[in-house]
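Colleague: Compute the structure for the input listed below.
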Amino acid sequence: MNIKLFSTVILLFSFQLFFAQETKTDTIKLATKTTITTVTTIKDTVKVAAVVAPKLATNEEKEALKKEAKALKDKIKSEKKALREANKIEKEKKAFEKKQKAFEKRQGKILSSEKSINKIKSKISNEERNLIKLKEKFEQKKSKGKLNSTEIERENIKISKRQIKINKLEKDLDKAEQKLQRVRD
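Modeller: Next comes the predicted model:
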């Protein structure tokens with residue numbers, strides 16, 4: 001029991017030594033030959049150096065620091081200006097692409113409308129040809145005297161249905177032409 005306890009304590013102690021953090025000592029040398037030693041993190045070292053540096057710096061060093069700061073500010077301003085210009089160009093490019101896409105969409109609608117108009121016109125011409133043929137057949141049968149009154153009424157109903165279909169197609173044609181006009185405007 002004592003051996004287990006003793007070996008556990010030694011094991012824990014060795015883990016603690018193995019994973020322990022090291023303390024680093026950083027030294028900063030300034031222009032006035034003053035050395036500052038800190039036993040903390042790097043951020044604290046920078047803070048201490050920033051506080052001590054203005055007190056020990058000469059006028060020439062201060063002027064050099066001011067020029068460097070001014071140069072950095074100018075560089076940042078120029079980078080911001082370049083970034084704004086790039087954003088402006090990107091926006092213009094997107095606007096142009098949007099307009100181009102809208103134009104292509106409009107052209108597609110125009111083509112589609114023209115195609116549907118041509119399709120309706122061909123249907124109308126086919127229906128008119130069929131109506132003429134139907135009337136000719138009716139007149140031939142009527143002139144031969146082979147039709148009675150009920151058959152004559154049936155043939156008249158067929159002819160009137162064809163005429164109604166042609167009228168409906170003409171209305172559809174008018175609607176399609178109006179739609180094409182709206183798209184073109």
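Colleague: Go through the helix or strand containing residue 176 and flag the buried ones.
Modeller: Using DSSP states H and E, residue 176 falls within helix 149-184. Buried residues in helix 149-184, counted by 16 or more other Cβ atoms under 10 Å: 155, 162, 166, 169, 172, 173, 176, 180, 183. Bear in mind the C-beta positions are built from the backbone N, C-alpha and C, glycine included.
Colleague: Grab the nearest non-local neighbour of residue 169.
Modeller: Nearest residue to residue 169, sequence neighbours excluded (Cβ to Cβ, 6 or more residues apart in numbering): residue 124, at 4.8 Å.
Colleague: count of residues packed around that neighbour?
Modeller: 18 (other Cβ atoms under 10 Å).
Colleague: from memory it sits against residue 167, does it?
Modeller: No: using Cβ atoms under 8 Å, residue 124 is not in contact with residue 167; the gap is 9.9 Å.
Colleague: top helix in the protein by residue count?
Modeller: In the chain, assigned by DSSP state H, the helix with the most residues is helix 59-144.
Colleague: so that one versus helix 149-184, what angle?
Modeller: Counting by axes from the mean of the first three to the mean of the last three Cα atoms, to 10 degrees, helix 59-144 lies at 160 degrees to helix 149-184.
Colleague: helices or strands up against helix 59-144?
Modeller: helix 149-184 (3 or more Cβ pairs under 8 Å, 6 or more residues apart in numbering; DSSP states H and E).
Colleague: residue ranges with poor pLDDT in this structure?
Modeller: 21-57 (pLDDT under 70).
Colleague: Please identify the residue most distant from the middle of it.
Modeller: Farthest-out residue of the chain from its mean C-alpha position, per Cα atoms, centre = their mean: residue 145, at 74.2 Å.
Colleague: Give me the phi and psi for that one.
Modeller: phi 80, psi 20 (degrees, to the nearest 10).
Colleague: residues in contact with it?
Modeller: Listed by Cβ atoms under 8 Å, 6 or more residues apart in numbering, the contact set of residue 145 is empty.
Colleague: so how far is residue 152 from it?
Modeller: Taking Cβ to Cβ, to the nearest Å as the measure, residue 145 falls 11 Å from residue 152.
Colleague: Please list all residues in contact with residue 106.
Modeller: Contact analysis of residue 106 by Cβ under 8 Å, 6+ apart lists residue 183.
Colleague: hmm, 10 Å instead?
Modeller: Going by Cβ atoms under 10 Å, 6 or more residues apart in numbering, residue 106 touches 183, 184.
Colleague: hey, C-alpha coordinates of stretch 98-110 in CSV?
Modeller: Backbone C-alpha positions of stretch 98-110 (Å, rounded to 0.1, in the frame of the first residue of the first chain) are rendered in CSV as follows:
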residue,chain,number,x,y,z
LYS,A,98,-27.6,42.5,-64.2
LYS,A,99,-28.7,44.8,-67.1
GLN,A,100,-27.3,42.3,-69.6
LYS,A,101,-29.1,39.4,-68.0
ALA,A,102,-32.4,41.4,-68.0
PHE,A,103,-31.8,42.3,-71.7
GLU,A,104,-31.2,38.6,-72.6
LYS,A,105,-34.4,37.6,-70.6
ARG,A,106,-36.4,40.2,-72.5
GLN,A,107,-35.1,39.0,-75.8
GLY,A,108,-36.0,35.5,-74.9
LYS,A,109,-39.5,36.6,-74.1
ILE,A,110,-39.8,38.4,-77.4
